[in-house]
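S.K.: Structure for the following, please:
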Amino acid sequence: MSDAIVIIPTYNEKENIEAIIKAVFNQKKVFDILVVDDNSPDGTSEIVLQLIHEFPDKLFLEKRLKKNGLGTAYIHGFKWALARNYEFIIEMDADFSHDPKDLIRLHCACSQEGADVAVGSRYSIGVNVVNWPMRRVLLSYLASKYVRFITGIPVNDTTAGFVCWRRKVLETIQLDKIKFIGYAFQIEMKFKAWKHHFNIKEVSVIFTDRTLGTSKMSGNIVYEALFGVLKMRIYGLPK
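M.R.: Residues are numbered from 1 along each chain as shown. Modelled structure (predicted):
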């Protein structure tokens, strides 16, 4: 059993799921993987089940009954991992927008460099985004600037979804009280970690937009992020 597990939420990722699983397992450090699938109609979970025979005791699947938001998928995965002995729990997308080679760097930031939370950051050193249209780059970049301005959190990429968490952070944050399920979920998790005075370190990564499958971005996700941040600032959030 590894000391680290990579949680990959999926919905209709049949084009990517086998390749991303094998890419994670090909890293020099051993990582386990938990796929949290929201009952994908395209057969994503069936592909994972077949791969479990190839990677027993390293690959795991949790299949939920319906698509119920990215945040709830990650919370499901966090609770699963906390019920086991993983010290480091990593969020990662299935579509190769997050480079599996950066997993070791995120892990090292926590395991060797003193970070409690390591954020794979697109914006800590310039703007490191590939294949996004300029409108989307500006939306994402300005959203992170907006969050930092409104909340005061000292993180350049607050909406990043490539994150390594020390176990103690997830044990301290009250996961059942997380309010948001879209992009604001990522912001809220980092905001709560910061409020608890955990050490957050940004690790510069290059984000590459998906080439296969369909983006899950929607107007509702953006709306939640913009107005959710205001609620965090005005009303505060329970620790």
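S.K.: which non-adjacent residue is nearest residue 43?
M.R.: residue 14 (5.5 Å; Cβ to Cβ, 6 or more residues apart in numbering). Just so you know, the C-beta spots here come from the backbone N, C-alpha and C atoms, and that holds for glycine as well.
S.K.: State the phi and psi torsions of that neighbour.
M.R.: The phi and psi torsions at residue 14 (degrees, to the nearest 10) take the values phi -60, psi -30.
S.K.: what's the burial count for it?
M.R.: Neighbouring residues of residue 14 were enumerated by other Cβ atoms under 10 Å; the total is 19.
S.K.: low-scoring stretches of this structure, by residue?
M.R.: 126, 132, 210-226, 230-239 (pLDDT under 70).
S.K.: on that earlier part again, I figured the residue nearest to residue 43 was touching residue 48, is that so?
M.R.: No: using Cβ atoms under 8 Å, residue 14 is not in contact with residue 48; the gap is 9.9 Å.
S.K.: related to what we said a few turns ago, quick one: contacts for the residue nearest to residue 43?
M.R.: By Cβ atoms under 8 Å, 6 or more residues apart in numbering, residue 14 lies in contact with 40, 42-44, 47, 213.
S.K.: In strands, which of these fall?
M.R.: When DSSP state E defines the strands, the subset of the contacts of residue 14 inside them is empty.
S.K.: Just the closest of those residues to residue 88, please.
M.R.: Within these, distances to residue 88 taken as Cβ to Cβ reach their minimum at residue 44, with 25.0 Å.
S.K.: neighbours around that closest one, how many?
M.R.: For residue 44, which is what you asked about, the neighbour count (other Cβ under 10 Å) is 26.
S.K.: my guess is it meets residue 9, correct?
M.R.: No: the criterion here is Cβ under 8 Å, and residue 44 misses it with residue 9 at 10.6 Å.
S.K.: what residues are shared contacts of those two?
M.R.: In terms of Cβ under 8 Å, 6+ apart, residue 44 and residue 9 are both contacted by the residues 35, 37.
S.K.: how near is residue 109 to residue 2?
M.R.: With distances taken as Cβ to Cβ, to the nearest Å, residue 109 is found 17 Å from residue 2.
S.K.: Have a look at those two and say which one is more surrounded.
M.R.: Shown here are residue 109 and residue 2; by other Cβ under 10 Å, residue 109 has more neighbours (23 against 17).
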